[in-house]
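>>> got a predicted structure here, sequence first:
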Amino acid sequence: MMSDLVSPFKAFLKQHGYQLTSERVEIAQVVSLQRRIFTTEGLIAQLKEGGYRQSRGTVYSTVRLLVESGLIVQLPQASEAHYLTSEQASLYAVCRCRSCGAEVLYRQPRRLQALRHTTMHRYRLAQPLLIFSGICQRCEREIAKTNNKKSATQSGRQQQASSSR
Ligand SMILES: [Zn+2]
């Protein structure tokens, strides 16, 4: 089931006195198709592929409006902003590797549904965003390798020490 992000976005623009342009609507259409974590640069590339001619500035400002409307959520991030549609954020948890920064989506509709129904005092329409911070499998293997090397050199030194005695 795919919900329409475009009509609530149109309503948001109208309600807040922003111009409803065909460029903004086209960008929202492309955003509504995103099923993974995306960046504005990624959207610009997709729009270009689709033959659209929006300026970078328009794409960036429209993404900011989509965040403001709550239809997409910006993931907490230091460098380039990453986004996820609010619809996907209500189905998937984000697992982020604290070593390499890789982000993977995990389907958690029940858990997120429960969070959504948690009433937030003094907040309306709170959008839960579930992020797990951990170590990805690849980094775990790298860490294990480095540790093995370390312990190998340590035991090597110990052997040297014992043989020199
Ligand atoms: Zn990693």
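Right, received. Where do you want to start?
>>> ok but Gln46 is inside a helix, no?
Yes - the assignment for Gln46 (DSSP: H, G, I helix; E, B strand; the rest coil) places it in a helix.
>>> so what's the residue count around the residue lying closest to it once chain neighbours are set aside?
In space, not counting the residues next to it along the chain, Gln46 is nearest to Val30; the distance is 5.7 Å by CB to CB, 6 or more residues apart in numbering. Any C-beta I mention is one placed from the backbone N, CA and C, and that applies to glycine too. For Val30, the count of nearby residues is 19 (other CB atoms under 10 Å).
>>> can you check Arg141 too?
Close neighbours of Arg141, defined as other CB under 10 Å, add up to 11.
>>> how much space separates it from Arg98?
When distance is defined by CB to CB, to the nearest Å, Arg141 is 16 Å away from Arg98.
>>> next one: Ala89
Spatial separation of Ala89 from Arg98 under the definition CB to CB is 20 Å.
>>> so if I had to pick from these two, which one is more boxed in?
Between Ala89 and Arg98, counted using other CB under 10 Å, the more crowded position is Ala89 (22 against 11).
>>> please look at that one and Gly70 and confirm they touch.
No - the pair Ala89 and Gly70 fails to qualify as a contact (CB atoms under 8 Å) at a distance of 10.2 Å.
>>> what do the two both touch?
Each of Gln127 lies in contact with both Ala89 and Gly70 under the rule CB atoms under 8 Å, 6 or more residues apart in numbering.
>>> ok, back up a step: what helix or strand is the residue nearest to Gln46 on?
For Val30, the element it lies in under DSSP states H and E is helix 22-32.
>>> no more questions from me, cheers.
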